[in-house]
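A.B. asks: dropping a prediction and its sequence here:
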Amino acid sequence: MSFASLGLIDPLLRNLQELNYQTPTPVQAKAIPAVLSGKDVMAEAQTGTGKTAGFALPLLQRLVQHGPAVSSNRARVLVVVPTRELAEQVLQSFVAYGKGLDLRFLAAYGGVSLNPQMMKLRKGVDVLVATPGRLLDLNRQNAVQFDQVQTLVLDEADRMLDLGFSRELNAVFAALPAQRQTLLFSATFTDDIRAMASSILRGPVNISVSPPNTTASKVKQWVVTVDKKNKPDLFMHLVAENHWQHALVFVKTRNGVDYLAAILDEAGYAVDTIHGDKPQPARLRALNRFKTGEVQMLVATDVAARGLDIDDLPLVINVDLPIVAQDYVHRIGRTGRAGASGVAVSLVCADEAPQLAAIEALIRQTLPREEVSGFEAEHRVPQTNATGQVIKKPKKPKKPKVPQATPGGVPAPSKQPRRQSRESKRKPAVQRTANASQTASVSNGNPFGAKKPRSQPSSKPATGSRKPAGKPAGGHSRRRP
């Protein structure tokens, strides 16, 4: 099958030839004819299978073949996406596929000034790619009206609900023309997404080119178990031992991103970061540097899990597992794209056993485990079964106590342990405070939980045990220290 056989026009075919697109992927082969015919579409395909081309190519053709021309402060195609990175990625795809066509494109998202986006909308745009919050901001400012929208595309709708955009999406749906084409493209479809789809789609063409929530078959995945405090050291050991030179590294928090990036930088690696607190222009610079090879290691939070189209990315490292299991699918989907092979390794501590179980249940496979010599976990990660459930180790039965016999053959009476009074068990207040401060202290800036050496206990003796609580003379209640 060729792109020409799908009914695409010559300008689009020439652009695809320049981009070295040989044959359509399964999702493109099914989606392009459906979108060209004007039907609603609900497509489910794992990440990296070409979903963006599946809707961008036929929509470009419909824009060229069907008028009218767009008016001021209007858009003809509206693509709603969850993140700024995905908005830029989708925009670049439309620009590349629509080269030479007399069409205008714009990506609108938060984190940058509103005014330049408002200025570009004055002439109207044929394709507006936007995040939900910024889209409504522009609409409230009358910078964009929805009365000329012919097609609505929801890309990664499950992620938008995960991020809490349900209210914004409902506001967008209410403002759009009732007569329109609606397309849903996503790697996963939850029950909430299906419920939303049933309310906004009309007789959709259902497309599924892979089992739900599966990961790319050519991505080799495994888990290395380790204690949380040893994750940074194990990470650096694996990078050096395996000579990893180009990897996308995921960490749960912004502090974790900065900490790991500092270690890599100190070791001589070219490194950059992406996280929610970083300005959008800086995020784009970091991504472009990583794509061109100027940066070896890109350390990111889940903000980078979707929408990053990186050619020939060999490796994804999960230093922390994601809280939401579906995000694992999108994280490792950055490698093994479009039929290429890739590697995904996850460092897992005992606290992450529930997340690991949820991931294995979602992808319907048990991830192989390894231990690295010198980094064996003291706190073992529980085993999981084929359905991702944690297997608890059975408790060993206690051995019955055999009473010792006295020289005369009569069993000795069992010794009853003396009960300590509740007051004698209590630690002095000074000692309790010292122990609490020791437990709470962690190393400077290390979010992975490595503890400082315990400080010496105070030489000042405790002033004595606490008196039993009660009312002092005079009837006033005593305040606890």
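C.D. replies: Arrived safely.
A.B. asks: make it CA atoms for all contacts and neighbour counts henceforth
C.D. replies: OK.
A.B. asks: which SS state does Arg202 fall under?
C.D. replies: Here Arg202 is coil, with the state taken from DSSP: H, G, I helix; E, B strand; the rest coil.
A.B. asks: give me the neighbour count for the closest residue to it other than its chain neighbours.
C.D. replies: Distance criterion C-alpha to C-alpha, 6 or more residues apart in numbering; nearest residue to Arg202, sequence neighbours excluded, is Asp40 at 6.4 Å. For Asp40, the tally of surrounding residues (other C-alpha atoms under 10 Å) stands at 23.
A.B. asks: repeat that for Val224.
C.D. replies: Residues within reach of Val224, counting by other C-alpha under 10 Å, total 21.
A.B. asks: so it touches Ala350, yeah?
C.D. replies: No - using C-alpha atoms under 8 Å, Val224 is not in contact with Ala350; the gap is 11.4 Å.
A.B. asks: so where's the stretch 101-250 of the chain uncertain?
C.D. replies: For the stretch 101-250 of the chain, the stretches with pLDDT under 70 are 210-217.
A.B. asks: if we go to 90?
C.D. replies: Along the stretch 101-250 of the chain, the model assigns pLDDT under 90 to residues 111-112, 156-166, 185-198, 208-220, 245.
A.B. asks: helices of that one, start to end?
C.D. replies: Here the stretch 101-250 of the chain has its helices, by DSSP state H, counting those that start in this stretch, at 114-121, 132-140, 157-162, 166-175, 191-200, 231-241.
A.B. asks: now render those as JSON lines, adding mean neighbour count and distance to Val271.
C.D. replies: Listed next are those as JSON lines, based on neighbours: other C-alpha atoms under 10 Å; distance: least, C-alpha to C-alpha, whole Å:
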{"stretch": "helix 114-121", "mean neighbour count": "16", "distance to Val271": "30"}
{"stretch": "helix 132-140", "mean neighbour count": "18", "distance to Val271": "30"}
{"stretch": "helix 157-162", "mean neighbour count": "20", "distance to Val271": "27"}
{"stretch": "helix 166-175", "mean neighbour count": "15", "distance to Val271": "35"}
{"stretch": "helix 191-200", "mean neighbour count": "13", "distance to Val271": "37"}
{"stretch": "helix 231-241", "mean neighbour count": "16", "distance to Val271": "13"}
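A.B. asks: would JSON lines of these with distance to Leu264 be doable?
C.D. replies: Listed next are the helices of the stretch 101-250 of the chain as JSON lines, based on distance: least, C-alpha to C-alpha, whole Å:
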{"stretch": "helix 114-121", "distance to Leu264": "36"}
{"stretch": "helix 132-140", "distance to Leu264": "35"}
{"stretch": "helix 157-162", "distance to Leu264": "30"}
{"stretch": "helix 166-175", "distance to Leu264": "38"}
{"stretch": "helix 191-200", "distance to Leu264": "39"}
{"stretch": "helix 231-241", "distance to Leu264": "8"}
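A.B. asks: where's the residue nearest to Arg202 relative to Pro33, distance?
C.D. replies: 11 Å (C-alpha to C-alpha, to the nearest Å).
A.B. asks: now Asn170
C.D. replies: To Pro33, Asn170 is 28 Å away according to C-alpha to C-alpha.
A.B. asks: could you do Gly124 as well?
C.D. replies: Taken as C-alpha to C-alpha, the span from Gly124 to Pro33 is 27 Å.
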